[in-house]
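A.B. asks: Okay, here's the prediction I keep looking at, along with the sequence it came from:
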Amino acid sequence: MRARVRTLAFLLTAVPLGAVGVLVLIAGWTLTVLLAITPAVVPVLLGFRAVLGSLARAEASLANTLIGTSVRPPVTAAGGRNFWRRGYSVLWDPAFWRQQLYVLLRVLVGWTLAVLEVSLLATALGATAMPIYYRWSHPEIANGWPVDTLPRALLCVPAGVVLLFVGIWLLRPLRTLFRGLATRLLGDDRVAAMTPAEARARRLHALELHAGFFGLLNALLIVIWALTSRGYFWPVWTLLALGLPLAIHAWVVLVRERPQVARRQRVPRALGYYEGVALSVSLFLVLVWAVTGRGYFWPVWPILGFAIGLAAQAFVVVVRRVRRGEERIETLETSRAGAVDLQESELRRIERDLHDGAQARLVDVGMSLGLAEQKLRTDPGAAQELLAEARRGTHEALEELRDLARGIHPPMLTDRGLDAAVRSLVDRSPLDVHVDVELDGRPTPAVESAAYFVVAEAVANASKHAGANRLDIRIRPLDGADAIEVEVEDDGHGGADESGRGITGLRQRAQALDGTLAVSSPEGGPTVVRAVLPCAS
């Protein structure tokens with residue numbers, strides 16, 4: 001019974017809060033439309049959002065206390081890194097539209113149900129108590145049927161009990177109804193992370209509710225107009241006033257669900273939002289002009305303001321693209337120069353390794369074979385020792401050539417791929433190494449080679465300089481991009497020199513593929529080497 005009393009109290013709060021909500025919506029949208037072509041529309045939208053969010057927070061507090069929900073709606077819209085984006089973030093915030101819908105439902109549905117429920121309970125109580133007060137009030141029911149005797153008054157008691165039972169029973173489904181509305185429309189999407197499919201379903205569902213409310217309300221008003229005067233078609237004003245927010249809401253969802261709508265015009269998504277809002281408001285003003293008499297075409301001025309704003313933003317977009325193109329050219333020139341330097345240093349390293357290693361071994365082998373040939377007849381024992389020494393030198397020269405070839409491009413990388421090559425590499429490491437490679441397929445050879453050498457250099461640095469005991473290697477596709485991410489983390493003492501020769505070479509190798517390499521190595525560790533290598537390079 002206590003829950004039903006709370007539900008009745010919740011229904012009664014729809015009267016004052018509903019009135020406040022209607023005033024907030026009327027004032028917010030009126031100011032937004034009037035100032036739509038000026039920069040002042042952004043603070044108006046932010047203020048509108050904050051007031052509406054505060055009202056929604058008050059509604060949620062009542063719902064949590066009286067009907068047992070557990071919701072906490074957001075007061076402000078998330079996102080927006082600059083002035084205009086803050087305004088756009090309000091328009092494409094799903095919670096903003098759901099909170100408006102909830103306020104309207106509290107006014108239209110909640111207010112109506114509150115009046116009906118209170119009327120039903122009052123009638124039931126009055127009929128039940130009829131034998132007590134009929135002598136003084138002389139009530140009449142059922143088309144003038146007077147209740148002027150005790151038997152007639154007693155006949156009202158069963159009807160009053162039935163009505164009272166019905167009124168109390170109705171409080172339970174009403175509680176369920178408003179709990180569902182509060183949970184769906186006042187819930188905070190930012191509380192729990194949702195998958196993209198769930199977020200999309202939420203956005204579409206909010207739009208469906210908005211459109212359904214628009215259709216039902218205007219259909220009801222048109223029916224009322226048809227049953228009363230059939231004179232001046234006054235429902236046109238609710239069609240226009242409620243159609244503008246619905247059009248903006250639908251456009252925001254369209255651009256968010258189908259980014260190609262904006263990409264087809266080669267404009268950013270934010271500018272696509274602006275186009276839709278400007279078109280909706282312009283059409284709204286033209287329809288208002290048409291309804292009010294078709295005199296002087298005053299909507300031309302706000303439309304001209306929208307066009308100037310659109311042209312200014314388009315100009316900014318073009319300038320940004322030119323600057324990005326210049327930055328891109330500069331980046332490519334830098335990465336090309338880095339790739340050339342890397343190639344030159346690699347060639348010098350190969351030449352040095354050949355000269356100091358395998359070439360010197362082969363010269364020693366040749367000298368040993370020459371001496372063995374001279375002593376073969378005179379001192380066969382010494383010749384045999386020289387041949388054995390030449391054989392050992394040949395073996396060492398072959399090992400050095402294999403190491404050199406492995407430093408250029410490991411054969412296992414070509415034969416078995418990145419996973420096997422990395423695991424073969426760390427098998428020779430004295431550290432406790434954990435490898436996690438999650439690739440759907442094999443990247444291009446250049447990307448595989450760059451990823452392998454990032455790991456190789458990081459493993460070598462961790463072993464020689466970091467004082468590490470454990471090494472974690474993670475190679476996986478980068479979410480939302482055609483690229484792979486290579487991350488090597490050690491538990492060493494940190495303090496790695498990012499300008500060192502090895503890391504600089506790896507950074508140049510990554511930049512040559514239009515990728516990036518970052519090193520995080522605070523004092524005390526850990527050191528994390530992270531490379532992003534585009535697979536479409």
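C.D. replies: That came through, no problem. Numbering: from 1, shown residues only.
A.B. asks: Now Thr430. Nearest residue, chain neighbours left out?
C.D. replies: Just so we're on the same page, residue 430 is Pro rather than Thr. Ser463 (6.6 Å; C-beta to C-beta, 6 or more residues apart in numbering). All C-beta spots, glycine's among them, are computed from the backbone N, C-alpha and C.
A.B. asks: Look at the one you found and say how many residues are nearby.
C.D. replies: A count of neighbours around Ser463, defined by other C-beta atoms under 10 Å, yields 18.
A.B. asks: Enumerate every residue touching it.
C.D. replies: With contact taken as C-beta atoms under 8 Å, 6 or more residues apart in numbering, Ser463 is in contact with Ser429, Pro430, Leu431.
A.B. asks: what's the answer for Leu439, then?
C.D. replies: So Leu439 contacts Leu418, Asp419, Ile475, Arg476, Pro477, Ile484 (C-beta under 8 Å, 6+ apart).
A.B. asks: Phi first, then psi, for it.
C.D. replies: Phi and psi for Leu439, reported as degrees, to the nearest 10, are phi -120, psi 140.
A.B. asks: Just the pLDDT at it, thanks.
C.D. replies: With respect to pLDDT, Leu439 has a value of 80.
A.B. asks: same deal with the one 5 residues further on?
C.D. replies: According to the predicted model, the pLDDT of Thr444 comes to 81.
A.B. asks: Need the nearest residue in space to it, chain neighbours excluded.
C.D. replies: Distance criterion C-beta to C-beta, 6+ apart; nearest residue to Thr444, sequence neighbours excluded, is Cys535 at 6.5 Å.
A.B. asks: And for that neighbour, the neighbour number?
C.D. replies: Cys535 has 20 neighbouring residues, counting by other C-beta under 10 Å.
A.B. asks: Quick one: mean pLDDT over stretch 508-522.
C.D. replies: Stretch 508-522 carries an average pLDDT of 79.
A.B. asks: again, but for stretch 216-223
C.D. replies: On average, the pLDDT along stretch 216-223 is 81.
A.B. asks: can you check stretch 18-30 too?
C.D. replies: Stretch 18-30 comes out at a mean pLDDT of 86.
A.B. asks: Would you mark the buried spots in that stretch?
C.D. replies: Within stretch 18-30, the residues scored as buried using 16 or more other C-beta atoms under 10 Å are Gly18, Gly21, Val22, Val24, Leu25, Gly28, Trp29.
A.B. asks: Now name the helix or strand holding the last one.
C.D. replies: This points to Trp29. Using DSSP states H and E, Trp29 falls within helix 14-34.
A.B. asks: Next secondary structure after that helix?
C.D. replies: Following helix 14-34 toward the C-terminus (DSSP H and E): helix 41-66.
A.B. asks: now the angle between helix 14-34 and that next one, please.
C.D. replies: Following axes from the mean of the first three to the mean of the last three C-alpha atoms, to 10 degrees, one obtains 170 degrees for the angle between helix 41-66 and helix 14-34.
A.B. asks: Return the distance of helix 41-66 from the chain's centre.
C.D. replies: The chain centroid and the centroid of helix 41-66 are separated by 23 Å under C-alpha atoms, centre = their mean, to the nearest Å.
A.B. asks: elements contacting it?
C.D. replies: Helices and strands touching helix 41-66, by 3 or more C-beta pairs under 8 Å, 6 or more residues apart in numbering; DSSP states H and E, are helix 2-12, helix 14-34, helix 83-91, helix 94-105, helix 150-186.
A.B. asks: Which one of these lies nearest to Asp490?
C.D. replies: Distance to Asp490, taken as C-beta to C-beta, is lowest for helix 83-91 among these, at 39.7 Å.
A.B. asks: all helices for the stretch 201-350 of the chain, in order.
C.D. replies: Assigned by DSSP state H, counting those that start in this stretch, the helices in the stretch 201-350 of the chain fall at 236-257, 260-263, 269-291, 300-353.
A.B. asks: what's the closest of the helices and strands packed on helix 41-66 to Val75?
C.D. replies: For Val75, the closest of these is helix 94-105, at 9.5 Å, according to C-beta to C-beta.
A.B. asks: helices and strands of this protein: which one bottoms out on pLDDT?
C.D. replies: The helix or strand of the chain with the poorest confidence is helix 260-263; it has a mean of 52 (mean pLDDT, DSSP states H and E).
A.B. asks: tally of neighbours for Asp432?
C.D. replies: When neighbours are counted by other C-beta under 10 Å, Asp432 registers 12.
A.B. asks: ignore the last one, Leu17
C.D. replies: By other C-beta under 10 Å, the residues close to Leu17 number 19.
A.B. asks: residues touching it, list them.
C.D. replies: Contacts of Leu17 by C-beta under 8 Å, 6+ apart are Leu55, Ala58, Glu59, Leu62, Arg106.
A.B. asks: Export those as CSV, with columns for distance to Ser520, neighbour count and pLDDT.
C.D. replies: Formatted as CSV, the contacts of Leu17 follow (distance: C-beta to C-beta, whole Å; neighbours: other C-beta atoms under 10 Å; pLDDT from 0 to 100):
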residue, distance to Ser520, neighbour count, pLDDT
Leu55, 45, 22, 90
Ala58, 45, 15, 90
Glu59, 46, 26, 89
Leu62, 48, 17, 88
Arg106, 51, 27, 83
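A.B. asks: Show me which of the helices and strands packed on helix 41-66 has the highest average neighbour count.
C.D. replies: helix 94-105 (a mean of 23; mean count of other C-beta atoms under 10 Å).
A.B. asks: which ones are touching Phe213?
C.D. replies: By C-beta under 8 Å, 6+ apart, the contact list for Phe213 reads Leu101, Leu104, Leu105.
A.B. asks: How about Asn494: what's its closest non-neighbour residue?
C.D. replies: Actually, residue 494 is Gly rather than Asn. Leaving aside its sequence neighbours, Gly494 sits nearest to Gly525 (C-beta to C-beta, 6+ apart; 3.9 Å).
A.B. asks: and that neighbour, how many residues sit next to it?
C.D. replies: Using other C-beta under 10 Å, Gly525 is surrounded by 19 other residues.
A.B. asks: can I assume it is in contact with Leu471?
C.D. replies: No. At 12.0 Å, Gly525 does not count as touching Leu471 under the criterion of C-beta atoms under 8 Å.
A.B. asks: between the helices of the stretch 201-350 of the chain, which gets the lowest average pLDDT?
C.D. replies: helix 260-263 has the lowest average pLDDT among those, namely a mean of 52.
A.B. asks: Just the ones in helices from the contacts of Leu439, please.
C.D. replies: Leu418, Asp419 (DSSP state H).
A.B. asks: check which helix or strand covers the residue of the chain positioned farthest from its centre.
C.D. replies: Each residue of the chain has a distance to the centre, and by C-alpha atoms, centre = their mean the biggest one is for Thr378: 86.0 Å. Of the helices and strands defined by DSSP H and E, none includes Thr378.
A.B. asks: re earlier: return the member of the contacts of Phe213 nearest to Leu150.
C.D. replies: Leu105 (45.6 Å).
A.B. asks: Can you name the residues that contact the closest one?
C.D. replies: Leu181, Leu185, Phe213.
A.B. asks: Repeat that for Leu108.
C.D. replies: Going by C-beta under 8 Å, 6+ apart, Leu108 touches Leu217.
A.B. asks: what does Glu438 give?
C.D. replies: Glu438 sits next to Ile475, Arg476, Pro477 when contact means C-beta under 8 Å, 6+ apart.
A.B. asks: Drop anything exposed from those.
C.D. replies: The neighbour count (16+ other C-beta under 10 Å) marks Ile475, Pro477 as buried among the contacts of Glu438.
A.B. asks: Now pLDDT too, for the contacts of Glu438, in CSV please.
C.D. replies: What follows is the contacts of Glu438, written out as CSV (pLDDT from 0 to 100):
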residue, pLDDT
Ile475, 88
Arg476, 85
Pro477, 83
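A.B. asks: Output the contacts of Phe213 in a markdown table, with pLDDT and distance to His205 appended to each entry.
C.D. replies: Below are the contacts of Phe213 laid out as a markdown table (pLDDT from 0 to 100; distance: C-beta to C-beta, whole Å):
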| residue | pLDDT | distance to His205 |
| --- | --- | --- |
| Leu101 | 85 | 11 |
| Leu104 | 84 | 16 |
| Leu105 | 83 | 15 |
